[in-house]
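Enquirer: Pasting a predicted model and its sequence here:
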Amino acid sequence: MMEVTPNPVTAVMRALADPTRRAVFERVFDSREISVAELTRGSGVTQGAISQHLKSLKQAGLVAERAEGRNVYYRVAPRGLEPLVTWMDHYGVFWRERFQNLRDLLKEIDP
């Protein structure tokens, strides 16, 4: 059976849909660079689980990794959220038009 690769926005949404994975992403985002060991400390999640979450975030293009000896360091990928932002911008146009129409209507009703 052939596996279908999700489009970039779907991959980002799936990656960020999991609350633990989203928390991992936020910790990476808040750090310039952070190791798996640092992410595991105080998280209440095993190192193996953190590694799996990081793998999903990397596959979605949200984080990048750098190996240094036995440690792997993660940082946010600068363009990782672009597909989501682009998708949201598309729908933002829809809502901006609707709000402008509503403003125009309210001005007609109560000048």
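Expert: Arrived safely, thanks for sending.

Enquirer: show me where the chain has strands.
Expert: Under the criterion DSSP state E, the chain contains strands at 34-35, 63-68, 71-76.

Enquirer: now those in JSON lines, with mean neighbour count and distance to Leu54?
Expert: In short, each C-beta sits where N, CA and C put it, glycine included. Compiled in JSON lines, those are given as follows (neighbours: other C-beta atoms under 10 Å; distance: least, C-beta to C-beta, whole Å):
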{"stretch": "strand 34-35", "mean neighbour count": "18", "distance to Leu54": "10"}
{"stretch": "strand 63-68", "mean neighbour count": "14", "distance to Leu54": "6"}
{"stretch": "strand 71-76", "mean neighbour count": "17", "distance to Leu54": "6"}
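
Enquirer: what would these look like in TSV with distance to Asp110?
Expert: Output for the strands of the chain, formatted as TSV (distance: least, C-beta to C-beta, whole Å):
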stretch	distance to Asp110
strand 34-35	54
strand 63-68	51
strand 71-76	47
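
Enquirer: in this protein, which spans are helices?
Expert: 8-17, 19-30, 36-40, 47-59, 82-109 (DSSP state H).

Enquirer: Verify the stated contact: Leu62 with Arg75.
Expert: No - assessed by C-beta atoms under 8 Å, Leu62 is found out of contact with Arg75, at 10.4 Å.

Enquirer: Tally up the residues packed near the closest residue to Val76 other than its chain neighbours, please.
Expert: In space, and not counting its chain neighbours, Val76 is closest to Phe29: 5.0 Å by C-beta to C-beta, 6 or more residues apart in numbering. Neighbours of Phe29 under the rule other C-beta atoms under 10 Å: 14.

Enquirer: One more: Ala15?
Expert: Neighbours of Ala15 (other C-beta under 10 Å): 24.

Enquirer: who's in contact with it?
Expert: Taking C-beta atoms under 8 Å, 6 or more residues apart in numbering, we find Ala15 in contact with Arg21, Phe25, Ser56, Leu57, Gln59, Ala60, Leu62.
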